[in-house]
Structures are given as structure tokens and as C-alpha cells.
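**Student:** quick one: sequence plus predicted model below, questions after.
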Amino acid sequence: MQISVNVRKDGGVESTSIRLSSGFPALDASAQTYAATLRFVPARLASGEPTAGKITIPFQFKLNEPAYFRPDNSAFFKPAYFPEPDVLLIRGRYIYAEMGRDLGAALQRYTVAEPRKIVLDLRGNQGGTLLNTTVLASVFLPDGLKLASYQDKKSASQIDVRSGSASYQQMSKIPDPLSGLPAYFKTVPMWVLVNEKTAGLAELVAAALQHYQRAIIVGNKTAGDAMAQLGTLGRLEWLDADGESIAGRGVVPDVPWRDLKIGDDMPDIAVVEAVTAQAAGRWVRAPADASPVSPQRAGINAVIDAKAAAGED
């Protein structure tokens, strides 16, 4: 179940409400009572002033055990915010079965103050479920874009997987974990970190963000293992948004890791600063007939054009 919590400027709880019921009134009431006792670090505006906000907390119940708060799965998924240089870092080590839910709940914490930049860290991510892969890509892409496709062995037809709630809610009748997420997650400048251990459906997320020019891909070429186990259809080879197989090819980064001149074991803040500072200069103007072009890329193109008109490099 999920509880929505309105948080005051001082971090206290203003009010709670049930976002997703467990189906048992007593359990719902227990979760609300517990949520009301929590304290939070308040969100802050760009000026540094604390502000009220709203978050969603997922709960899990076990038979004959009290309700407990289920935090983000830190072994596989961890968001972090760095006030300087105003960057939201989202690390996903595996696209696990409940990542969509955890992702939606965690990102609600960052919806009050808009970050200037987003870094999605998929290094070492071996992929996971199709449902949550679609949710992850849908955080950053407009609805309805083709993410990947596979061949239906029964009908011999090609099945497209697209971004947006209409796609992932068709796979499973789940509450939309991204409901109410601000639109700026689809437009804020973004970088994606990958390496040779980024594999499976995680490669398709990186490939889609690169294809639609939504993000700069930074790191080393991915594993080239975009295969998936899909029920009775067996082991399938996935095609990227271009209709090409990633198997054996992988995703080639826009900016090689060696260009950053930092080690793999650097602290998060050092990685974030290096990526967002140096990789930004590697953007090139998209061809006039490139389609589609994201609002982020369109804005960068305008800056490049203005500099060119002024005779600047």
C-alpha cells in the first residue's frame, strides 16, 4: 500500500491520506498512524529556503508482523540530491520487480525544487523486468515514443514497447507510480552513465534516451546483451528504437569515460561534477532533419546557433 504525506516546512507531518489501499481498513489505519509520526528533511527552493512538499511512502505488511516502513531498495536503487551543483543523481543497479513503485515514491521527494541537472547511473545494471524498464524510461521521455520491439513468435508480428502509462499499465494493472510527477523530469538536462557491465533491458533505456537525444551517454560501451526472457515466448532478442539489435553491438557512449580523467571509484559528488561539467561541451548540433528533437536539445541548438552567428566557437 502507499500513504501520501503532506510535509511542513519544518519537516513535520501536516496530514496523511491513503494513495493505495491494502484492502484492509485496520492495516490502512495502522500505516497512516505510523506515517504521521515520521520526520523528514524538508525540500528547499533554489534560494535555500525550506518549503512544504508532498511525498508518497510505500508500506509492506507481513502475516503476524507489525507494519513497517519499506525504504528504497538501497542495494539496487538510490537517488541522491547534491545542492551544489544542483544535480539529482539516480542510481539503478538492477531493474527489479518493484523498482517502478520505489522510483515513483522516491522522485516525489524531489518535486518541489527543480534540479538543474539529472544524472542516471546505469553502470553495472544488468537489466530486469520489462514493466519497470518501461516505467524507468517513461520518467524522462514523453508518452508514446517507441522504446524497443520484439518479434512475436506466435503471430510473426513485431510488437512495439512504448513510453508512458498506457504502455506499462497495459502490462500490469498497477496504480501509476509516476502519477503527478512534474514535467521537468522530461526536459531537465540529463546524462546517463554506462559501462561494459550495463546489459539487458538497461541497455535499451540508455539506447532510447540516446536515440531521442534526451540525454548524453557517458562511459564505456555496454555489454551488447539486450536479450530477455518473456514467458512462453522464450529468450528474445530486443531491437532498439531504430529497429536494430543491440546484441553484440551495445550502446556506444557520446563521451568516453577516459575523457573525464577520473577513476571508477571516485565519490559520487566527484563523478557528478566531472560528468556535468566536462560532458556538456560534447553536445553537437543535431541535423536539421533529425527527428524527434527534445526541448533540451532544441534549446542547446539555439545557443549553438546564436554563438555561431556571433562568431564564437
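**Tutor:** Sure thing, it's come through.
**Student:** what sits against the most centrally placed residue in the chain?
**Tutor:** Taking CA atoms, centre = their mean as the criterion, residue 136 is the residue nearest the geometric centre of the chain, at 4.5 Å. When contacts are counted by CB atoms under 8 Å, 6 or more residues apart in numbering, residue 136 touches 92, 95, 99-100, 103, 205. Yep, even glycine has a C-beta here, placed from its N, CA and C like the rest.
**Student:** give the helix, strand or coil label for it.
**Tutor:** Following DSSP: H, G, I helix; E, B strand; the rest coil, we place residue 136 in the helix state.
**Student:** ok, and the most crowded of the contacts of residue 136?
**Tutor:** Using other CB atoms under 10 Å as the neighbour criterion, residue 205 leads these with 30 neighbours.
**Student:** tell me the SS of it?
**Tutor:** The three-state label given to residue 205 by three-state DSSP is helix.
**Student:** next, count neighbours for the residue lying closest to it once chain neighbours are set aside.
**Tutor:** By the measure of CB to CB, 6 or more residues apart in numbering, the closest residue to residue 205 outside its immediate chain neighbours is residue 137, 5.0 Å from it. For residue 137, the count of nearby residues is 27 (other CB under 10 Å).
**Student:** coming back round to it: same list (the contacts of residue 136) but as TSV, adding pLDDT, secondary structure and distance to residue 163.
**Tutor:** TSV is the format used below for those (pLDDT from 0 to 100; DSSP: H, G, I helix; E, B strand; the rest coil; distance: CB to CB, whole Å):
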residue	pLDDT	secondary structure	distance to residue 163
92	82	strand	17
95	83	strand	15
99	75	helix	16
100	76	helix	13
103	79	helix	14
205	92	helix	10
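**Student:** so which of the residues you listed is the closest to residue 166?
**Tutor:** Proximity of the contacts of residue 136 to residue 166 was ranked by CB to CB; the top entry is residue 100 with 14.6 Å.
**Student:** and for residue 144, the neighbour number?
**Tutor:** By the measure other CB under 10 Å, the count of residues near residue 144 is 10.
**Student:** again with residue 6
**Tutor:** Counted by other CB under 10 Å, the residues lying close to residue 6 total 13.
**Student:** bridged to it, which residues?
**Tutor:** Beta-bridge pairing for residue 6 (DSSP bridges): residue 15, residue 54.
**Student:** I figured it hits residue 35, correct?
**Tutor:** No: Residue 6 is beyond contact range of residue 35, at 10.5 Å (criterion: CB atoms under 8 Å).
**Student:** now do the helices in the stretch 201-313 of the chain.
**Tutor:** 201-211, 268-278, 295-309 (DSSP state H, counting those that start in this stretch).
**Student:** ok, of these, where does mean pLDDT dip lowest?
**Tutor:** Least confident of those, judged by mean pLDDT, is helix 295-309 with a mean of 50.
**Student:** before we move on, back to that, residue contacts, the residue nearest to residue 205?
**Tutor:** By CB under 8 Å, 6+ apart, the contact set of residue 137 is 147, 163, 204-205, 208-209.
**Student:** pull the most distant pair out of those.
**Tutor:** Pairwise over the contacts of residue 137, using CB to CB, the maximum falls at 163 and 204, 11.4 Å.
**Student:** more neighbours: these two, which one.
**Tutor:** The neighbour count for residue 163 versus residue 204, taken as other CB under 10 Å, is higher for residue 204 (28 against 25).
**Student:** which residue, neighbours along the chain excluded, lies closest to that one?
**Tutor:** Excluding the flanking residues, the one nearest residue 204 by CB to CB, 6+ apart is residue 148, at 4.8 Å.
**Student:** need the CA coordinates for the helix or strand encompassing the one you found. CSV is fine.
**Tutor:** Following DSSP states H and E, one finds residue 148 within strand 146-151. The C-alpha trace of strand 146-151 is given here as CSV (Å, rounded to 0.1, in the frame of the first residue of the first chain):
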residue,chain,number,x,y,z
LYS,A,146,8.9,3.6,-29.3
LEU,A,147,11.4,2.2,-26.8
ALA,A,148,12.0,-1.2,-28.3
SER,A,149,10.4,-4.0,-30.2
TYR,A,150,10.5,-7.8,-30.3
GLN,A,151,9.2,-10.5,-32.7
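**Student:** what angle do that strand and helix 201-211 make?
**Tutor:** Strand 146-151 and helix 201-211 are oriented at 130 degrees to each other (axes from the mean of the first three to the mean of the last three CA atoms, to 10 degrees).
**Student:** strand 146-151 - what's its average pLDDT?
**Tutor:** Regarding strand 146-151, the rounded mean pLDDT is 80.
**Student:** who touches whatever helix or strand comes next after it?
**Tutor:** Of the helices and strands lying after strand 146-151 in sequence (DSSP H and E), the nearest is strand 158-162. Outside of strand 158-162, the residues within contact range by CB under 8 Å, 6+ apart are 130, 134, 143-152, 167.
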